[in-house]
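Based on what follows, work out the 3D shape:
(one chain, ligands or ions: 2)
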Amino acid sequence: MNVLGIESSCDETSAAVVRDGATILSNIVASQNEVHEKYGGVVPELASRSHVENIIPVITAALEEAHLTLNDIDGIAVTQGPGLIGSLLVGLSVAKAIAYTTGLPLVGVNHVEGHISAVFLNRDDVAFPFIALVVSGGHTSLFEAKSAGDYPLIGQTRDDAAGEAFDKIAKFLRLGYPGGIIIDRLSTLGNRDAFSFPRPWLPDTPLDFSFSGLKTAVITTIRKMNRELTPAEINDVAAAFQEAVVDVLVKKAFLALEERNIGKLAVSGGVASNNRLREKLREAAAARGVSLYIPPPSLCTDNAAMIAAAGTPYLKKGIRSSLEMDAYSRMPR
Ligand SMILES: Nc1ncnc2c1ncn2[C@@H]1O[C@H](COP(=O)(O)OP(=O)(O)OP(=O)(O)O)[C@@H](O)[C@H]1O
Ligand SMILES: [Mg+2]
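Ligands and ions are numbered 1, 2, ... in the order given. The predicted structure is shown next:
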């Protein structure tokens, strides 16, 4: 089954063709970083306009790279939410138009389920059940993945997402946008023990996360210094902050494995491309005999291949979304 995936929930316009939910035939991503860089964050109206400009060329390129035409496609999977409404509507409208004119089956996909499904891409050894940690710009969530599409939520952030914390600290340090990848790079030059930042463990709900206190602690520490930081000090702050986030993510993911008595862990979402997180996850997995599934960095950040992978089991079961389906901005409860 060849599925055309379409993703436009935030600031990446992406289209992909994926065979049988796993083999990537193409995965085109048009990033809008240049559009939003000077504002230090995503400007929703500019994102929507950029999606309108990019969506058709991106879909055309995805079909071309797969050496296929719409006649070879068996179904369409499109991100329905959560995300920016104006952005989502661009991908959703185009997906509906293609489904309407070709008669192809269409399914709306939850973007976070897309991030989980990135682990199935280009490999065939991922088996249920597993614990899925999604760490992205808008989500820090733990799921118990029981079978395709059956992913009950078992923990989530009470405030900031991990990626959001990376971006806010980077903005505060005036490092540029998007911040996660810059902090990742600077951290390699810094001393992660130079500062001791808090780890929010939340003993009452230990599978939940909270990063706003950590963010405040970093900002307060810098304000108290009451002077410009040297480049070396900035590297140290980056490294110590990153270490606190990574420490919490790793410990809680392994706590979930223990609690549910599961030996397989999948980690995805933009922050899963963080080098220190990958390193600590690998160490912990090796020490405890846990199978670790982490997609390559290009599949951790937003892309349409993961949306096609998430939609495929539904399309295979004959589940369809109607052309009346609406975009949604937040996770449905
Ligand atoms: N190497 C890295 N280290 C840490 N964070 C990173 C790294 N690379 C990207 N990120 C962070 O990942 C986030 C982007 O990831 P992603 O594209 O999955 O999120 P999103 O789609 O904006 O959010 P969501 O999926 O929750 O709607 C940003 O916050 C970015 O700073
Ligand atoms: Mg995302």
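
buried stuff in stretch 224-240?
E233, I234, N235, D236, V237, A238, A239, A240 (16 or more other C-beta atoms under 10 Å). Where you see a C-beta, it was placed from the backbone N, CA and C, and this is true even at glycine.

contacting residues around the closest residue to ligand 2 within the stretch 201-333 of the chain?
The stretch 201-333 of the chain approaches ligand 2 most closely through D302 (4.3 Å), counting by C-beta to the ion. Residues near D302 by C-beta atoms under 8 Å, 6 or more residues apart in numbering: E7, S9, C10, D11, E12, S14, V29, H111, G270.

Quick one: name whatever helix or strand follows the strand or helix carrying V218.
In this structure, V218 sits in helix 212-225 according to DSSP states H and E. Remark: after helix 212-225, the chain's next helix or strand is helix 231-260, criterion DSSP H and E.

Which ones among the buried residues of stretch 224-240 also lie next to ligand 2?
Near ligand 2, judged by C-beta under 5 Å from the ion, there are no entries from these.

Can you classify A118 as helix, strand or coil?
Recorded secondary structure, A118: helix (DSSP: H, G, I helix; E, B strand; the rest coil).

Around the residue in the stretch 101-250 of the chain positioned nearest to ligand 1, count how many other residues there are.
Proximity of the stretch 101-250 of the chain to ligand 1 (C-beta to the nearest ligand atom) peaks at G180, 2.2 Å away. G180 has 26 neighbouring residues, counting by other C-beta atoms under 10 Å.

do the same with N33
For N33, using other C-beta under 10 Å, the count is 13.

Surely it is in contact with Y177?
Yes. With contact defined as C-beta atoms under 8 Å, N33 counts as touching Y177 (7.3 Å).

which parts of this protein sit against ligand 2?
Residues of the chain lying near ligand 2 (C-beta under 5 Å from the ion): S136, D302.

need the helices for the chain, in chain order.
33-36, 44-65, 85-102, 111-117, 162-172, 179-187, 212-225, 231-260, 275-288, 297-300, 304-316 (DSSP state H).

between the ones you listed, which gets the lowest average pLDDT?
When the helices of the chain are ranked by mean pLDDT, helix 33-36 comes last with a mean of 83.

Say whether ligand 1 is contacted by that helix.
No. For helix 33-36, no contact with ligand 1 is found by C-beta under 6 Å from any ligand atom; the gap never falls below 10.4 Å.

Can you tell me which helices and strands that helix packs against?
helix 44-65 (3 or more C-beta pairs under 8 Å, 6 or more residues apart in numbering; DSSP states H and E).

Spell out whether the helix it packs on and ligand 1 are in contact.
No. Figure legend: helix 44-65 not in contact with ligand 1 (C-beta under 6 Å from any ligand atom); closest approach 10.6 Å.

For that helix, which residues meet the burial criterion?
Neighbour-count burial for helix 44-65 [16+ other C-beta under 10 Å]: 44, 47-52, 54-55, 58-59, 62-63, 65.

Strictly from the record, what residue spans define the domains of the protein?
2-117+300-316, 127-294 (automatic domain parsing).

picking up where we left off before, now the residue of the stretch 201-333 of the chain closest to ligand 2: phi and psi?
Note on D302: backbone dihedrals following degrees, to the nearest 10 are phi -60, psi 130.

how far away is it from I6?
12 Å (C-beta to C-beta, to the nearest Å).

Now the common contact residues for the two.
Residues touching both D302 and I6 by C-beta under 8 Å, 6+ apart: S14.

hmm, back to that, check which helices and strands the helix holding V218 sits against.
helix 162-172, helix 231-260.

I figured L133 was touching L265, is that so?
Yes. Contact criterion C-beta under 8 Å: L133 and L265 qualify, at 6.9 Å.

which of the two has more neighbours?
L133 (30 against 25).

what are the bridge partners for the more buried one, then?
Beta bridges link L133 to L142, V267, judged by DSSP bridges.

contacting residues around it?
Here L133 is in contact with S141, L142, L249, K252, A253, A256, L265, A266, V267, S268, G269, A272 (criterion: C-beta under 8 Å, 6+ apart).

count of residues packed around the first one?
Each residue near S141 was counted by other C-beta under 10 Å, and the total is 25.

Could you find the closest non-adjacent residue to it?
Among residues not flanking S141 along the chain, Q156 sits closest, at 4.4 Å (C-beta to C-beta, 6 or more residues apart in numbering).

Report how many residues lie close to that neighbour.
17.

swap in G86?
Residues near G86, counting by other C-beta under 10 Å: 18.

what does K38 give?
9.

Please report how far it lies from ligand 2.
Using C-beta to the ion, to the nearest Å, we find K38 at a distance of 22 Å from ligand 2.

Likewise for E34?
19 Å.

Contacts only, for that residue.
Contacts of E34 by C-beta under 8 Å, 6+ apart: none found.

Now with 10 Å, please.
S50 (C-beta atoms under 10 Å, 6 or more residues apart in numbering).

What spatial separation is found between it and P178?
12 Å.
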